[in-house]
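*Asks:* build the 3D model from these lines:
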Amino acid sequence: MSYLEPSEFVAKMVDSGESKVYMSTKDTFIRAFMAGAILGLAAIFAITVAVKTGSPLIGAILFPVGFIMLYLMKFDLLTGVFTLVPLALIDKRPGVTIGQVFRNWGLVFIGNFAGALTTAFMMSFILTYGYSVDGGAIAAKVSTIGESRTLGYKTHGVDGWFTIFIRGMLCNWMVSMGVVGAMISTSATSKMLAMWMPVMLFFFMGFEHSIVNMFLFPFSMIMGGEFTFVDYLVWNELPTVLGNLAGGLCLVGLPLYFTHVRTSPNRSI
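*Replies:* Numbering: from 1, shown residues only. Model prediction:
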């Protein structure tokens, strides 16, 4: 059977969240580092495709290859653990505490950031031949993206901040649907397809993904984007992370858990 019923795959979600809490520090960090690095590479790949073809849609169609690679290798993104790990706490799995949940989130955040930053430096180096020449059209495009998605939001003040937050929610709604969709199937091909659709949607719509941004904005700053690290943190990364948490947990994890694991009795007619 290549398809799991909701009660089965949601139980897998809880099991997965519990396993991530108990994972060693070394394994958690390495898996998060590799996930951040691969996703950064996928982001610059999609931007390169969009610039060279003139079609953002083609870039969005191809971007999910990064998610597929890291998921099949069992690497961890912050967006995924935001959705899965709290379920183990809510389900009262032995030894899972709020402190352990935050420990996992913190390690994955650090690992994702380190991996994404590493890819940002490598890509900026090869585009500029060791920072000796201009980065060309791709560098210019990324610099523009970095400025518009920090200073552009900043000009709108609080409204801009909440715009990023909601974009972050919508992003991890889709990304987490991809993660869960991959758990529904036991076929590798079906897993890929289930991840492809929602991830393509989020990227094309310009929703905010905290780990993509961990690559995109440092890369933009290296390539000459005229905004500060504080601008990046306050006017993009922080609201994006909070939005990703709210979207993944409130729009995917909790609804599935409370309707397929902690179900209510059937009503009598």
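*Asks:* helices along the chain, start to end?
*Replies:* With DSSP state H as the criterion, the chain has helices at 6-22, 25-53, 56-62, 65-72, 78-90, 98-127, 136-148, 151-154, 157-184, 188-205, 210-222, 229-232, 238-248, 254-260.
*Asks:* and the longest one, which residues are buried?
*Replies:* By neighbour count, and taking 16 or more other CB atoms under 10 Å as the criterion, the buried residues in helix 98-127 are 100-101, 104-105, 107-113, 115-117, 119-120, 123-124, 127. (C-beta placed from N, C-alpha, C; glycine too.)
*Asks:* what's the angle between it and helix 136-148?
*Replies:* With axes from the mean of the first three to the mean of the last three CA atoms, to 10 degrees defining the directions, helix 98-127 sits at 140 degrees from helix 136-148.
*Asks:* what's around residue 190, how many residues?
*Replies:* 15 (other CB atoms under 10 Å).
*Asks:* can you give me the buried ones in stretch 249-264?
*Replies:* By 16+ other CB under 10 Å, the buried positions in stretch 249-264 come out as 249, 251, 252, 253, 254, 256, 257, 260, 261.
*Asks:* let me see the contact set for the last one.
*Replies:* Just to be clear, that refers to residue 261. 7, 10, 11, 14, 91 (CB atoms under 8 Å, 6 or more residues apart in numbering).
*Asks:* for ChimeraX, what selects the buried ones among these?
*Replies:* One line in ChimeraX is enough to select the buried ones among the contacts of residue 261; burial here means 16+ other CB under 10 Å:
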select :10,11,14,91
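*Asks:* pull the contacting residues for the closest residue to residue 29 other than its chain neighbours.
*Replies:* Closest residue in space to residue 29, ignoring its immediate chain neighbours: residue 111 at 4.5 Å, by CB to CB, 6 or more residues apart in numbering. Residues in contact with residue 111 (CB under 8 Å, 6+ apart) are 28, 29, 30, 31, 32, 33, 35, 36, 76.
*Asks:* might one say that the second one is in contact with residue 113?
*Replies:* No. Under the criterion of CB atoms under 8 Å, residue 29 makes no contact with residue 113, lying 11.1 Å away.
*Asks:* number of residues surrounding residue 203?
*Replies:* So residue 203, with other CB under 10 Å, has 27 neighbours.
*Asks:* ok, now residue 269?
*Replies:* Neighbours of residue 269 under the rule other CB under 10 Å: 3.
*Asks:* next one: it from residue 259, what distance?
*Replies:* Distance of residue 269 to residue 259, computed by CB to CB, to the nearest Å: 20 Å.
*Asks:* which stretches of the stretch 151-269 of the chain have low pLDDT?
*Replies:* Judged by pLDDT under 70, the stretch 151-269 of the chain has no weakly predicted residues.
*Asks:* neighbour-wise, which of the contacts of residue 111 leads?
*Replies:* residue 36 (32 neighbours).
*Asks:* distance check, that one against residue 247.
*Replies:* On the measure of CB to CB, residue 36 and residue 247 end up 19 Å apart.
*Asks:* equivalent analysis for residue 5, please.
*Replies:* Distance from residue 5 to residue 247, by CB to CB: 25 Å.
*Asks:* neighbour count winner among those two?
*Replies:* Neighbour count, other CB under 10 Å: between residue 5 and residue 247, residue 247 has more, with 29 against 11.
*Asks:* quick one: residues contacting the residue nearest to the spatial centre of the chain.
*Replies:* Central residue of the chain (CA atoms, centre = their mean): residue 79, 4.5 Å from the mean position. Residues near residue 79 by CB under 8 Å, 6+ apart: 171, 172, 175, 176, 209, 210, 211, 244, 248.
*Asks:* same question for residue 60.
*Replies:* Counting by CB under 8 Å, 6+ apart, residue 60 makes contact with 46, 50, 200, 203, 204.
*Asks:* how much space separates the spatially closest residue to it that is not a sequence neighbour from residue 174?
*Replies:* Leaving aside its sequence neighbours, residue 60 sits nearest to residue 204 (CB to CB, 6+ apart; 3.5 Å). Relative to residue 174, residue 204 is positioned 10 Å away (CB to CB).
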